[in-house]
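Enquirer: just need the structure, nothing else, for what follows:
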Amino acid sequence: MHEKAGYFGLHAISEDGIEEMIKHQSFEIWGYPEEHDGEQWGMKGQIEKIDKYNLYYTQIQTSSGQGRSPVYYQKDESYWIIGVHRGKIDLETGLFNIAARLSLPRVKNILGWMDNYFNVILPDGETKQSKLKALLEQKNFKVRNLQIRDSSLLSEEILSLVAKSENTKILMKLDLKHGNINPSGAKKLAQNSLWTNLHTLNLSKNNIDDKGAVALAKSKTDWINLRILKLTRNSIGDDGAIAWFRNIVSSKLHTLKLSKNRIS
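Expert: Down below sits the predicted model:
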C-alpha cells in the first residue's frame with residue numbers, strides 16, 4: 001500500500017540539531033478542521049522555538065480538528081515527521097501552536113508499539129483461525145495489546161492459547177468484546193497465571209454467566225495490575241458479582257462495569 005499512497009519517515013533530531021534546522025527549514029501541517037466539514041486543509045511555515053519535549057510555532061495556523069496531525073518537512077522526494085501537533089498553548093510571550101517533538105526515546109517507543117501489532121494477511125486456503133493460532137504459537141512474537149472482535153475466531157482452543165501462550169505474557173490490554181464467549185470459554189481464560197501486566201480486560205457482550213464469572217474471579221489473584229474490567233451485557237448474576245467483589249484484585253480496580261447483567 002505504501003508504494004501507492006506514500007509514507008512518512010520519522011526523524012528524531014537532537015536539540016542542538018533542530019535548533020539549527022528551524023533557522024532555514026519550513027514545515028507543514030495538514031488535517032481536517034471542523035469548520036471545513038471533512039475537507040483537508042494545511043499550511044507551511046516556520047517553527048519559532050523548541051524545548052526538550054515540544055515545538056512552538058505561530059506562522060502555521062491550525063484549527064480544531066487538526067490535532068494529532070504530523071508536523072513534517074520535505075527533502076527531495078521524501079517527507080519526514082519531526083513532531084505531532086497538539087493544539088494551542090498560552091505562554092508568557094504569547095499564544096503558540098504546540099507539537100510534541102519526536103525525540104529519540106519517543107521514536108523508540110513508537111517502533112516498540114509497531115512491533116507489538118500485527119496485520120493478518122491470509123494465504124489462499126488458510127483460515128483466519130489457523131493463522132491466529134500460528135501467530136499465538138510463533139516463537140519470539142510478543143504482543144502487548146490484543147483485540148479480537150470476530151466471534152468466529154474465538155473457539156475454546158484459541159481462548160486457551162490466548163491464556164497460556166508465552167506470546168501474551170506481557171499483555172497489557174485484552175479486548176474480546178462481542179466474542180460469543182460462553183462459561184466454558186471464560187474458564188479457559190481463567191487458566192492464565194501469566195498476566196501480571198494486564199491493565200484492561202474487556203469481556204462485554206458475551207455469554208458469560210455466574211459459573212464463568214466465578215471461575216475468572218476465584219483464580220485471578222495473579223492479575224495484580226488489572227485496573228479496568230468490563231463485563232457489561234453478559235448473563236452474570238449475584239454469585240458472579242459477589243465473587244469479583246471478594247477477589248483481592250477488585251480492591252485495586254478503578255473501573256468495574258457490570259451493568260445489563262442479571263444482578264438483583
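Enquirer: mind checking how far residue 134 is from residue 80?
Expert: Distance of residue 134 to residue 80, given as C-beta to C-beta, to the nearest Å: 36 Å. All C-beta atoms are positioned from the backbone trio N, CA, C, and that covers glycine.
Enquirer: also residue 214?
Expert: Taking C-beta to C-beta, one finds residue 214 at 54 Å from residue 80.
Enquirer: neighbour count for those two, which is higher?
Expert: Per other C-beta atoms under 10 Å, whichever of residue 214 and residue 80 has more neighbours is residue 214, with 22 against 17.
Enquirer: so the more buried one sits in a strand?
Expert: No: per DSSP: H, G, I helix; E, B strand; the rest coil, residue 214 lies outside any strand segment and is helix.
Enquirer: pull the longest strand from this protein.
Expert: Ranked by number of residues, the top strand in the chain under DSSP state E is strand 78-91.
Enquirer: show residues contacting the next helix-or-strand element following that one.
Expert: Once the chain leaves strand 78-91, the next helix or strand it forms, by DSSP states H and E, is strand 94-101. If you take C-beta atoms under 8 Å, 6 or more residues apart in numbering as the criterion, strand 94-101 is touched by 18, 48, 50-58, 60-62, 71, 82-90, 106.
Enquirer: could you tell me which of the residues you listed count as buried?
Expert: Buried by 16 or more other C-beta atoms under 10 Å: 18, 48, 50, 55-57, 60, 62, 71, 82-86, 106, out of the contacts of strand 94-101.
Enquirer: which of those residues sits closest to residue 252?
Expert: When these are compared for distance to residue 252 (C-beta to C-beta), residue 106 wins out at 29.2 Å.
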